[in-house]
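J.: Predicted model and sequence below, questions to follow.
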Amino acid sequence: MASGVLKGYFQGLRFNDSDVFKTIEAAAYCLLVRRDPEMESRLDILIEKIAGAQESDGYLFSARTAVDPLNIPDSIGPCRWHNLKSSHELYNVGTLYECAVAHQDATQKDNLLAVAIKNADLVDRSFGPEPCQLHEPDGHPEVEIGLIKLFRITGDTRYLHLAEYFIEQRGQPLPGRRLTPYSQDHAPVVNQTDAQGHAVRATYLYSSMADIVALKSRQDYLRPLDLIWDNVVSKKMYLTGGVGAVRKGEAFGENYELPNDTAYCETCAAIAFIFWSQRMFQLHGSTRYLDILERALYNAVLPGVSLSGEKFFYPNPLESDGTTDFNMNNPGRVEWFRCSCCPTSVVRFFPQLQGYLYAVRENTLFINLFAASRAEICIPAAGRIRVRQETTYPWDGGIKVTLALDSPADFTIRIRIPGWARNQPVPSNLYAYTNPLEHEITLLVNGVPTSLKTEDGFAVIHREWKNFDTLLLQLPMPIRRVVAHPAVEADHGKVALERGPIVYCAEGMDIPGELSSLTLRDTDPLFPRHRPEHLGGVTVIEGTALMAPNGGKDREVPFVAIPYAVWNNRGDGPMRVWFRRT
């Protein structure tokens, strides 16, 4: 309709273009892994439609181009850039820039990149410090991330400077502007010290700030980033790694405000938290950021999509009675949402995951995440090496790494020792284990035990590596009981269960009765059991608990817990992560 091919006016939500862009980005990342001529052809057809909807000067926002002139929504307004606080004009094109860069990288075609550059040039002419330009940030940060990616692929510094300019506009008390924490516009970013407002907006903003630190050496951005990240991890994060406790405004709450049944924990926010944590790792080189990244991955992102891949969660509560609507007017997973940002965020995130397993800094190879995989990685001292990981992680703590080199080379490998294996569920006092590890972590090089020398949470091995050298890391995986900081009122007198990086929950179909009356005794033994046929193949926790039906006398009942990530795959029903404790 925006290109004139069809007659009619735009229908739906003003930011729906962004979901098309995110899906294109996902397809491009898939093409990087495996060529698919049919998918590539479908993308070309989509790109042709997108280019047709672009106005002659580069403007691209089909919700305005195809708007009914007699029924213009207030959220869009009568003219361009009229209502940036809520229009999502800049948010949309930020996702355009991201998908254009991914598409060019995967296909070497510039048909979509040309659209993105034409639009970015318009944005650069329209916003900036000159008196004739607009001085306002975007209501939903995202364009900054996209502009930085455009800079990376084109080398055009205008895009990098413009991204920084948008960040700098936050908290500037210009005439007619109402400063609000909802969109992190309550203060200049260098003066912000804690996470406030809409969780997705915030974590996108912090991600772009981290990029600016890396690319422009803005060290004054690093202090607020460190303070805000610590604030989230020590006071505003769920055990699952989910963020954004408050449904109203999809926002961070107050310190230690972490209710379980009304937890919002939007899937998009978990993904954006991973984007931010990855960048913080790249700035600091510490496993504390990877520990949170992994926690959010397994326990806050994975729940967002069903095992079939066809149903989704928008929010992710840690407790449900099985009947109360929480998921966009539903008590369980649904096939789609009118606001479909979460499914399309999931679909673009998973194919990027390959890029999180390893990192390189000079002559050091970092092994960050554990997954059966093969990779080719360039180390200056060794040239291109091939790395193979063999593991059934997260169900088992054994990770075998085999190297293939053309000739012996002297370099360093840093392999992550997860915080959960070092008796630290999170890098703060927000959560703690009640039972310490009883078995030691072991590390073998070519079958020979080596001392566990650690720095920043990594085991460090420096040596001359040869073809087919192996590393074998064995992480003990007992069942751990977790308690929350006393200031978290929702978790007073309660305990949760983990094994390795996985957070567990109980579902009503496994334990008939009132889950709210379920009590776990500290002295009751609990046992892991891997069930290949169950819920796609998971390790469950089995044991005994107490239950007091209808407020009566406690009686022993069989207890089963499943990974929180796979709950609600067998129908709607009660669920909880935190249990009464004695």
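T.: Great, that's in hand.
J.: Y433 against V482, yeah?
T.: Yes: with contact defined as C-beta atoms under 8 Å, Y433 reaches V482; the gap is 6.1 Å. In short, each C-beta sits where N, CA and C put it, glycine included.
J.: Mutual contacts of the two, please.
T.: P425 (C-beta atoms under 8 Å, 6 or more residues apart in numbering).
J.: how long is stretch 56-71 end to end?
T.: 24 Å (C-alpha to C-alpha, to the nearest Å).
J.: That stretch: which residues count as buried?
T.: G58, Y59, L60, F61, S62, A63, R64, T65, A66, V67 (16 or more other C-beta atoms under 10 Å).
J.: which residues pair with V557 across the strands?
T.: Beta bridges link V557 to A545, judged by DSSP bridges.
J.: can you give me the offset of stretch 461-476 from its chain's centre?
T.: Distance of stretch 461-476 from the chain centroid (C-alpha atoms, centre = their mean, to the nearest Å) equals 30 Å.
J.: Ok, stretch 102-117 next?
T.: Relative to the chain's own centre, stretch 102-117 is displaced by 25 Å; criterion: C-alpha atoms, centre = their mean.
J.: what about that stretch, start to end distance?
T.: 14 Å.
J.: re earlier: just the ones of the buried residues of stretch 56-71 in helices?
T.: When DSSP state H defines the helices, the subset of those inside them is S62, A63, R64, T65.
J.: now the second one, nearest residue through space, not along the chain?
T.: Spatial nearest neighbour of A63, chain neighbours left out: R14 (4.0 Å); criterion: C-beta to C-beta, 6 or more residues apart in numbering.
J.: sorry, back to before: Throw the buried residues of stretch 56-71 into CSV and include distance to A409 and pLDDT, thanks.
T.: Shown next, in CSV, are the buried residues of stretch 56-71 (distance: C-beta to C-beta, whole Å; pLDDT from 0 to 100):
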residue, distance to A409, pLDDT
G58, 48, 98
Y59, 52, 98
L60, 48, 98
F61, 52, 97
S62, 53, 96
A63, 55, 96
R64, 56, 95
T65, 56, 96
A66, 58, 96
V67, 60, 95
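J.: Would you reformat the residues you listed as a markdown table and include distance to A404?
T.: Converted to a markdown table, the buried residues of stretch 56-71 look like this (distance: C-beta to C-beta, whole Å):
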| residue | distance to A404 |
| --- | --- |
| G58 | 47 |
| Y59 | 51 |
| L60 | 46 |
| F61 | 49 |
| S62 | 49 |
| A63 | 51 |
| R64 | 54 |
| T65 | 53 |
| A66 | 54 |
| V67 | 57 |
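J.: Would you mind checking which of those residues is nearest to G332?
T.: A63 (31.0 Å; C-beta to C-beta).
J.: Just confirm A565 is within a helix.
T.: Yes: assessed by DSSP: H, G, I helix; E, B strand; the rest coil, A565 belongs to a helix.
J.: Spit out the contact partners of it.
T.: Residues in contact with A565 (C-beta under 8 Å, 6+ apart) are Y298, N299, L302, P303, I502.
J.: again with G304
T.: Per C-beta under 8 Å, 6+ apart, neighbours of G304: T267, A270, F312, F313, N316, C342, V346.
J.: Quick one: the helices in this structure, in order.
T.: 16-33, 37-53, 62-65, 84-87, 89-107, 111-126, 143-154, 157-168, 199-216, 219-235, 267-284, 287-296, 341-349.
J.: Return the third one as PDB; C-alpha atoms alone will do.
T.: The C-alpha coordinates for helix 62-65 follow below in PDB (Å, rounded to 0.1, in the frame of the first residue of the first chain):
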ATOM      1  CA  SER A  62       4.600   2.800   5.900                       C
ATOM      2  CA  ALA A  63       2.300   3.600   8.800                       C
ATOM      3  CA  ARG A  64       2.600   7.300   7.700                       C
ATOM      4  CA  THR A  65       3.100   6.900   4.000                       C
END
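J.: Run the chain-centre distance for it.
T.: When C-alpha coordinates are averaged (C-alpha atoms, centre = their mean), helix 62-65 and its chain have centres 30 Å apart.
J.: what's it packed up against?
T.: Packing partners of helix 62-65 (3 or more C-beta pairs under 8 Å, 6 or more residues apart in numbering; DSSP states H and E): helix 16-33.
J.: quick one, the helix it packs on and helix 89-107 angle?
T.: Here the directions of helix 16-33 and helix 89-107 differ by 20 degrees (axes from the mean of the first three to the mean of the last three C-alpha atoms, to 10 degrees).
J.: and which of the buried residues of stretch 56-71 is nearest L369?
T.: The nearest member of those to L369, counting by C-beta to C-beta, is L60 at 35.8 Å.
J.: That closest one - nearest residue in space that isn't next to it in sequence?
T.: L60 sits nearest to Q54 (C-beta to C-beta, 6+ apart), 4.6 Å away.
J.: And for that neighbour, the neighbour number?
T.: When neighbours are counted by other C-beta atoms under 10 Å, Q54 registers 22.
J.: one step back: out of Y433 and V482, which sits in the busier spot?
T.: V482 (23 against 16).
J.: Please name the bridge partners of the more buried one.
T.: Here V482, judged by DSSP bridges, has bridge partners Y433, A496.
J.: got the contact list for it?
T.: Counting by C-beta under 8 Å, 6+ apart, V482 has contacts L239, P425, Y431, A432, Y433, T434, V495, A496, L497, E498.
J.: Look up how far L518 lies from it.
T.: 16 Å (C-beta to C-beta, to the nearest Å).
J.: same thing with M509?
T.: Counting by C-beta to C-beta, the gap from M509 to L518 is 14 Å.
J.: Mind checking which of the two has more residues around it?
T.: L518 (19 against 15).
J.: In this structure that one contacts R580, no?
T.: Yes: when contacts are counted by C-beta under 8 Å, L518 is listed as touching R580 (6.7 Å).
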